[in-house]
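Asks: below are the sequence and a predicted model; questions follow.
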Amino acid sequence: MAGIRLAPEESSDLIQHQQQPPPQLQQHGGREVASDDERSVAADSWSIKSEYGSTLDDEQRHADAAEALSSAANFRAASDYSSDKDDSDDEAEASMLGLQSYWDAAYADELANFREHGHTGEIWFGANVMDVVASWTKSLCIEISQGHIPNHVDETKSGPTEQDDKYLSWSVLDIGTGNGLLLQELAKQGFSDLTGTDYSEGAIDLARSLADRDGFSNIKFLVDDVLETKLERKFQLVMDKGTLDAIGLHPDGAVKRIMYWDSVAKLAASGGLLVITSCNSTKDELVQEVENFNQRWIEMTEDPNTPKDQETCTEPPFQYLNHVRTYPTFMFGGSVGSRVATVAFLRN
């Protein structure tokens with residue numbers, strides 16, 4: 001659910017399927033192993049409010065992010081859905097879901113189930129949301145390839161369009177790909193240059209196994225942590241389905257969210273798209289987080305002490321483009337919200 005926290009007895013009537021984030025978070029420091037009971041408790045605690053931030057120098061990203069958060073009021077996102085939140089909700093809540101050991105164990109189980117029974121495993125946010133994300137993203141790419149840039153006023157066309165096949169050759173990166181099923185859906189939509197990354201080797205093994213079984217052996221899967229990515233390539237379409245949510249669940253989640261934006265700004269090609277799907281942030285909160293990131297980027301580039309090898313363009317890296325408007329909404333506590341938000345940003 002995006003941005004509205006419900007009490008357990010109230011949420012059961014409004015949300016039919018509990019959502020979990022896909023794997024991406026790397027633990028900072030020593031590795032901790034999650035027991036089955038701890039993983040179960042962690043899954044029940046899937047909710048987070050984080051500080052927001054932006055781009056930093058590669059060599060000092062973690063340290064500079066921590067320093068930036070000492071004045072976190074400058075980077076806190078305003079929410080239109082705050083009437084039912086306690087003050088404690090403004091701080092990041094650590095969870096076992098933020099540890100790599102949790103996801104390694106989870107995907108070891110799913111890989112074993114696949115090998116023994118052929119089970120696909122969990123589909124984050126559900127199959128319906130995944131289908132919407134894939135088809136909506138395709139529609140958005142068609143609009144852009146035809147020279148039509150949709151925005152918060154002009155909705156993307158939902159009916160038949162005169163398709164321009166330029167988008168079919170777009171390079172696509174799915175960060176925190178998990179079992180890789182989103183990339184399979186994008187392949188069905190016509191995309192062919194597809195790469196999925198995850199820091200969990202078990203997730204990549206499962207994704208490769210499922211892709212081979214389902215006839216998508218052309219999809220590339222790599223073990224890579226988006227926060228410390230080794231990828232040198234830039235992609236025209238970067239997908240994130242729950243990864244930013246999961247990053248906030250790490251004990252250092254607020255710092256790591258800053259590192260996340262630094263990384264995705266380097267992975268997204270100029271003129272490309274970043275499409276984020278979240279069950280824990282509203283569209284407005286995601287837009288605000290990007291605005292905070294842009295502001296910090298501009299301040300950094302204007303700083304005379306900025307390293308010469310740092311990007312020097314003073315134009316904000318991202319701008320809001322559009323968001324999915326077809327997800328079901330409901331009223332709670334005087335506010336209207338939905339359990340998931342999908343927002344697209346254009347890489348300037």
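Replies: Right, received. Where do you want to start?

Asks: what is the burial count for Arg325?
Replies: Neighbour count of Arg325, defined by other Cβ atoms under 10 Å: 13. For glycine as for every other residue, the C-beta is placed from the backbone atoms N, C-alpha and C.

Asks: which phi and psi does it have?
Replies: Main-chain torsions, Arg325, degrees, to the nearest 10: phi -110, psi 10.

Asks: list the helices and strands the helix or strand encompassing Lys266 packs on?
Replies: Using DSSP states H and E, Lys266 maps to helix 253-267. Applying 3 or more Cβ pairs under 8 Å, 6 or more residues apart in numbering; DSSP states H and E, one finds that helix 253-267 contacts helix 61-69, strand 171-175, strand 235-241, helix 243-247, helix 283-302.

Asks: among the ones you listed, which comes closest to Arg213?
Replies: Arg213 sits nearest to strand 171-175 of all the helices and strands packed on helix 253-267, at 18.2 Å, using Cβ to Cβ.

Asks: run through who's touching that closest one.
Replies: By Cβ atoms under 8 Å, 6 or more residues apart in numbering, the residues outside strand 171-175 that reach it are 24, 180, 182-183, 186, 191, 193-197, 226, 231, 233-241, 243, 264, 267, 269.

Asks: residues making contact with the helix or strand just after that strand?
Replies: Following strand 171-175 in sequence order, the next helix or strand is helix 181-188 (DSSP H and E). Contact with helix 181-188 is made by 120, 123, 130-131, 133-134, 137-138, 172, 174, 177, 194, 196, 207, 210-211, 214, 216, 218-219, 239, 241, as judged by Cβ under 8 Å, 6+ apart.

Asks: mind running it again at 6 Å?
Replies: Defining contact as Cβ atoms under 6 Å, 6 or more residues apart in numbering, one finds that helix 181-188 is touched by Ile123, Met130, Ala134, Asp174, Leu194, Gly196, Phe216, Ile219, Lys241.

Asks: and Gly271, how many residues sit next to it?
Replies: Gly271 is flanked by 10 other residues according to other Cβ under 10 Å.

Asks: got it, and the one 10 residues further on?
Replies: Summarising burial for Ser281: neighbours were counted as other Cβ under 10 Å, giving 28.

Asks: so what pLDDT did it get?
Replies: pLDDT for Ser281: 90.

Asks: again with Thr301
Replies: On pLDDT, Thr301 comes in at 82.

Asks: nearest spatial neighbour of it, chain-adjacent residues omitted?
Replies: Distances taken as Cβ to Cβ, 6 or more residues apart in numbering put Thr314 closest to Thr301, at 4.9 Å, once the chain neighbours are dropped.

Asks: now that neighbour, what's its secondary structure?
Replies: When classified by DSSP: H, G, I helix; E, B strand; the rest coil, Thr314 comes out as coil.

Asks: likewise Leu222?
Replies: Classification of Leu222 using three-state DSSP returns strand.

Asks: state the mean pLDDT of the helix or strand encompassing Ala105.
Replies: In this structure, Ala105 sits in helix 100-117 according to DSSP H and E. Averaged across helix 100-117, the pLDDT comes to 94.

Asks: save the contacts of helix 181-188 as JSON lines, and put in secondary structure too.
Replies: Listed next are the contacts of helix 181-188 as JSON lines, based on three-state DSSP:
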{"residue": "Ile123", "secondary structure": "coil"}
{"residue": "Met130", "secondary structure": "helix"}
{"residue": "Ala134", "secondary structure": "helix"}
{"residue": "Asp174", "secondary structure": "strand"}
{"residue": "Leu194", "secondary structure": "strand"}
{"residue": "Gly196", "secondary structure": "strand"}
{"residue": "Phe216", "secondary structure": "coil"}
{"residue": "Ile219", "secondary structure": "coil"}
{"residue": "Lys241", "secondary structure": "strand"}
